[in-house]
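> 3D, please:
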Amino acid sequence: MSGRSGSPAEPMHGAEAVVLVGGRGTRLRPLTLSAPKPMLPTAGLPFLTHLLSRIRAAGITHVVLGTSYQAEVFAEYFGDGSGMGLDLEYVVEQEPLDTAGALRNVGDRLSEPDVVVFNGDILSGVDLPGLMHTHRANAADVTLHLVKVDDPRRFGCVPTDDEGRVTAFLEKTDDPPVDQVNAGCYVFRRSVIESIPADRPVSVERETFPGLLASGARLQGHVDASYWLDLGTPAAFVRGSADLVRGVVPSDALPEEPAEALMLDGARVAEGASVTAGSTIGQDCVVESGARIEASTLFDRAHVAANAVVERSVVGVDAHIGEGAVVRGAVIADGAHVGSECELLDGARVWPGVRLPAGGVRFSHDC
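Next up is the predicted model:
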């Protein structure tokens, strides 16, 4: 934790939450053709369920979802939130407004002094009461969760001073001065949200935060090395799901205790098949003898034939992996069919309904 020390993290009284889930998830296509990214099955549940469960466990009950793409899917699944002990509201973004614009768009639904804001595609182990304590102990206008990463060159960096105050927002560079980056989770004073321009796109990192710094507002960093993963790519998605299954990252929504594999209702895994490394086998899936599933996610009713290998991959609803096929680091969309002895290499994506021929054909691209 950065900034002045104080008492242990207090409960999240006087706080509510906003989760921004309006993105189209283009980097995860073709998976997001049928569902928004936060609703993709992750360790047996829509990803957003895991995030909402952590928000509830931290003591926050009022949550506003800022939606856009396939907005109706969220309300159909979660309803008013009472099933999770939450009071959920939904605000639909008619046109893309960027992060700060989307936050301003939900402003009239907020009433508490402090608002915890989440990007809806981040899997994180941040201590939420600890984040709030940093915010209040430093009387901050905005507090940013900043995470230390091994390779900050891939991100814009956020330096802080000796008291943990944010001093700048830097673009990507080959020689970053610090290893801490914006983790996509913030605490805002509600009055700051109300000051964001309405009804137009506003970038939080390019406009809102630099403007606050220039005005002398206090932007505080809460710096840690907690688990953090942007689920925006297929590789990250399967890793995040596997880490949830194995208990590497916390979730109060997991249907079972952490384990090497998660088998959902009706899944049939034959003797002699191997399912490991945090794999999820969806409802009514079939995994035949000799097949090996490693660090992968099989959506409902997927079928993996005898002696096939599926590693670090996603296999969609009703998809079929043929006998002896090898699928590594690939996405097999809903209803697709991979022929026997086919080999799909890292980055290959098979689109909905496509049927790949049998006979040892190798693919390393979109099909």
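
> mind checking the SS state of residue 310?
Classification of residue 310 by DSSP: H, G, I helix; E, B strand; the rest coil places it in strand.

> what's the residue closest to the geometric middle of the protein?
The centre of the chain sits closest to residue 121, judged by Cα atoms, centre = their mean, with a distance of 2.9 Å.

> ok, so what distance separates the closest residue to it other than its chain neighbours from residue 125?
Nearest in space to residue 121, with sequence neighbours left out and distances taken as Cβ to Cβ, 6 or more residues apart in numbering, is residue 231 at 5.0 Å. C-betas here are computed from N, CA, C, even on glycine. For residue 231, the distance to residue 125 (Cβ to Cβ, to the nearest Å) stands at 14 Å.

> Comparing these two, which residue is more hemmed in?
Just comparing residue 231 and residue 125: by other Cβ atoms under 10 Å the higher neighbour count belongs to residue 231, 25 against 17.

> I'd like to know how far the residue nearest to residue 121 sits from residue 48.
On the measure of Cβ to Cβ, residue 231 and residue 48 end up 11 Å apart.

> Same question for residue 203.
Going from residue 203 to residue 48 by Cβ to Cβ gives 23 Å.

> Have a look at these two and say which one is more surrounded.
residue 48 (24 against 14).

> Please give the element, helix or strand, for the more buried one.
Secondary structure assigned from DSSP states H and E places residue 48 in helix 47-57.

> Can you check what angle separates the following helix or strand past that helix from helix 47-57?
Proceeding C-terminally, helix 47-57 gives way to strand 62-67 as the next helix or strand, assigned by DSSP H and E. For the pair strand 62-67 and helix 47-57, the angle between their directions (axes from the mean of the first three to the mean of the last three Cα atoms, to 10 degrees) equals 160 degrees.

> For strand 62-67, name the packing helices and strands.
Strand 62-67 sits against strand 15-20, strand 87-92, helix 98-105, with contacts defined as 3 or more Cβ pairs under 8 Å, 6 or more residues apart in numbering; DSSP states H and E.

> Let me see the ranges of the helices in this protein.
Along the chain, counting by DSSP state H, helices occupy 47-57, 71-78, 98-105, 128-137, 190-195, 209-215, 234-245.

> So for residue 16, which of these sits nearest?
For those, the distance to residue 16 is smallest for helix 190-195, at 8.7 Å, taking Cβ to Cβ.

> and the closest one, what other elements does it pack with?
Here helix 190-195 is seen to pack against helix 98-105, strand 114-119 when contacts are counted using 3+ Cβ pairs under 8 Å, 6+ apart.

> What would it look like as CSV? C-alpha coordinates only.
Presented in CSV, the C-alpha positions along helix 190-195 are these (Å, rounded to 0.1, in the frame of the first residue of the first chain):
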residue,chain,number,x,y,z
ARG,A,190,-18.5,11.0,-6.7
SER,A,191,-18.0,14.8,-7.2
VAL,A,192,-15.1,14.0,-9.6
ILE,A,193,-17.4,11.8,-11.7
GLU,A,194,-19.9,14.6,-11.8
SER,A,195,-17.2,17.0,-13.2
